[in-house]
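**Q** Sequence below, structure please.
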Amino acid sequence: MAKLPAGDAEEQPLFLSSLPPNSTHKRLAFAVVLALLAAFFITAGFLSSIQLPRVAAFVPAYATAMFLCDSISALLLFAQFAIVRSRALLVIANGYLFTALILIPWMLTFPGIFSPGGLLGAGLQTTTYLYILWHTGFPLFVIAYGLLNDPDPSRQLDQDSRRPAILSGIAVIVGVCAATSIVIASDTLLPVLMLNAVQPSHLVGIYLRVTGMFSVVALIVLWVRRRSVLDLWLIVVICAYMIEIFLISFPLPTRFSVGWYAGRIYGLLSSSLVLIVLLYEITVLYAQLRHAVIAKRSEREARLVTGDAVTAMIAHELKQPLFGITTRAAAGARWLDRAEPDLDKAKAAFDQIAADGHRAGAVIDSTRGIFRKDLRSSTSIDINRLVADALAVLDVELQRHRVSIRAESKTSLPAVLGDPMQLRQVLVNLMTNAIDSMAITSRPRVLSVGCDVRDDGVLVSVGDTGTGIRPEDMEQVFNPLFTTKPDGMGMGLTICRSIIEAHHGRLWVVPNSPRGAVFQFVLPADKVTSAR
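**A** Residues are numbered from 1 along each chain as shown. Presented below is the predicted three-dimensional model:
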């Protein structure tokens, strides 16, 4: 049995932190890693030690771009945390905030950019130690994210997520300021990593390799505990981090060499990867939401237009018989209210009332007949796709009422011949009735949709766990103007049956087990298409 697109509304992921990666995500991430490795092998080795001219504007431009990317990433992740309230998401948001903030003193203290020795009273070693703190701190945040990453909703923070976000952000700001002050104050006491503004000592390679080990641990933790798209792209980010560290530490980590410039480019790529994916996924989710809203609005408008048309026609046609019934009822009452009641005239008035009543019934029957005309637009229809489209239209409604979906179908259903818009209207109407029936219950809400093959065609079932239908109402629910809902018009199921019968099919309802109702209809298979 093939599963149709379905799922519990509460379990349907909407964010990168909960969205499981599909094959497209994995292939794209793998391609990016391969591209990074290819560029690494080109620039590593002999090319990495080639000294290039010093470009004074490169460091501020690079740091500014990195700051913007990391700041926006942190902001978007904090926004997701405000909704999801995941501890892991809070940690990685602070990780990006940390990298954005530490870039500021790293740029200001870089020698020869804003002053020969750097600003903030920095020494010759300050910038290098800040870089080491930067590339040690972020992997530590990633490790914490991976260890705290738990999909269990019970492990989320309390409803008010503002306080932990604000406090953790303040802690990161204070930590960066404190670390910067300590490094600047201890510049002359720390081991010598830079011999001058360009040439490093042999200790730099050792320190950077130790720093790279934190990235290796972060990569292992992410790989073992990966669950989401965010995990997948953080793996790519850490790979870029490791390549960057390798480029600037082998074979000779000289500033302004090919390897040094290449390392900065890898750093910018690692900073922008998650931001690009965040922005892309947000755009996709907004597009899907817009599509769902438009589809839902169109479906509702179509249903309202149909209901308004039927109501207006019924009101127009029933106006005269109802007026006659009212008039003759009043006349009959007057004939009976006399001192000597005129029974013959009263009887004649009552006979007219009965005739007008039959006439009103005929008006209703003629309304049903409108939907029993030959189909004007028939095409071969895939029922599985039709069911999936109807579920997509009602996606927002299903989530709002927290309805789980149990949808199953055979993989090779024969096609049916008909009007896809009318048949989708039937499915949407039946599913909407099911949702309304379950909305007033406190029991688990499960919408069951199934498709199967029978001798007389394709069977479609729509079941619910709602209030159900009384046995005496099983057939009446299809009658015009009969409704079990206080605000119902009593025309929805009538229209559904009319459409199904116009497609030479049948629509009926049976009780669900242990509770609720199951609406079923069968449509004849399209023999021409099925025979191909």
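**Q** for the protein, longest strand please?
**A** Longest strand of the chain, by residue count under DSSP state E: strand 446-454.
**Q** What residues of it count as buried?
**A** 446-452 (16 or more other C-beta atoms under 10 Å). (C-beta placed from N, C-alpha, C; glycine too.)
**Q** what comes up buried for stretch 496-515?
**A** Result for stretch 496-515 [16+ other C-beta under 10 Å]: buried residues 496-500, 502-503, 505, 507, 509, 512.
**Q** May I see the buried residues of strand 446-454 organised as JSON lines, with pLDDT and distance to residue 434 added?
**A** Formatted as JSON lines, the buried residues of strand 446-454 follow (pLDDT from 0 to 100; distance: C-beta to C-beta, whole Å):
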{"residue": "446", "pLDDT": "89", "distance to residue 434": "10"}
{"residue": "447", "pLDDT": "90", "distance to residue 434": "6"}
{"residue": "448", "pLDDT": "90", "distance to residue 434": "9"}
{"residue": "449", "pLDDT": "91", "distance to residue 434": "9"}
{"residue": "450", "pLDDT": "89", "distance to residue 434": "13"}
{"residue": "451", "pLDDT": "90", "distance to residue 434": "16"}
{"residue": "452", "pLDDT": "89", "distance to residue 434": "18"}
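**Q** Among the residues you listed, which one sits closest to residue 164?
**A** residue 446 (35.4 Å; C-beta to C-beta).
**Q** How far does the host helix or strand of residue 204 sit from its chain's centre?
**A** In the assignment (DSSP states H and E), residue 204 maps to helix 203-225. Centroid separation between helix 203-225 and its chain, computed with C-alpha atoms, centre = their mean, to the nearest Å, is 34 Å.
**Q** Quick check: mean pLDDT of it?
**A** Throughout helix 203-225, pLDDT has a mean value of 87.
**Q** got the contact list for it?
**A** Helix 203-225 has contacts (C-beta atoms under 8 Å, 6 or more residues apart in numbering) with 128, 132, 135-136, 139-140, 142-143, 146-147, 149, 191-194, 231, 234-235, 238-239, 241-242, 245-246, 248-250, 253.
**Q** again, only this time at 7 Å
**A** 128, 132, 135-136, 139-140, 142-143, 146-147, 149, 191, 193, 231, 234-235, 238, 241-242, 245, 248-249, 253 (C-beta atoms under 7 Å, 6 or more residues apart in numbering).
**Q** Next, give phi and psi for residue 525.
**A** Per-residue torsions, residue 525: phi -70, psi 150 (degrees, to the nearest 10).
**Q** Is residue 459 part of a helix or strand, or is it coil?
**A** Using DSSP: H, G, I helix; E, B strand; the rest coil, the structure places residue 459 in strand.
**Q** Would you confirm that it contacts residue 522?
**A** Yes: Residue 459 lies in contact with residue 522 (C-beta atoms under 7 Å); the separation is 4.9 Å.
**Q** now the strands: where do they sit in this structure?
**A** 2-3, 379-381, 404-409, 416-418, 446-454, 457-463, 506-511, 517-523.
**Q** Could you list the low-confidence segments of the stretch 351-500 of the chain?
**A** 355-356, 358-377, 396, 481, 485-491 (pLDDT under 70).
**Q** Near residue 209, how many other residues are there?
**A** By other C-beta atoms under 10 Å, the residues close to residue 209 number 13.
**Q** Residue most distant from the centroid, this structure?
**A** residue 340 (76.9 Å; C-alpha atoms, centre = their mean).
**Q** Please report the distance of that one from residue 205.
**A** Distance of residue 340 to residue 205, given as C-beta to C-beta, to the nearest Å: 123 Å.
**Q** can you give me the mean pLDDT across stretch 58-75?
**A** 89.
**Q** Can you mark which positions in the helix holding residue 204 are buried?
**A** In helix 203-225, counting by 16+ other C-beta under 10 Å, buried: 204-205, 207-208, 211-212, 214-215, 217-219, 221-222.
**Q** so how far is residue 276 from the closest residue to residue 272 other than its chain neighbours?
**A** Take residue 272 and drop its neighbours on the chain: the residue closest to it by C-beta to C-beta, 6 or more residues apart in numbering is residue 69, 4.7 Å away. For residue 69, the distance to residue 276 (C-beta to C-beta) stands at 9 Å.
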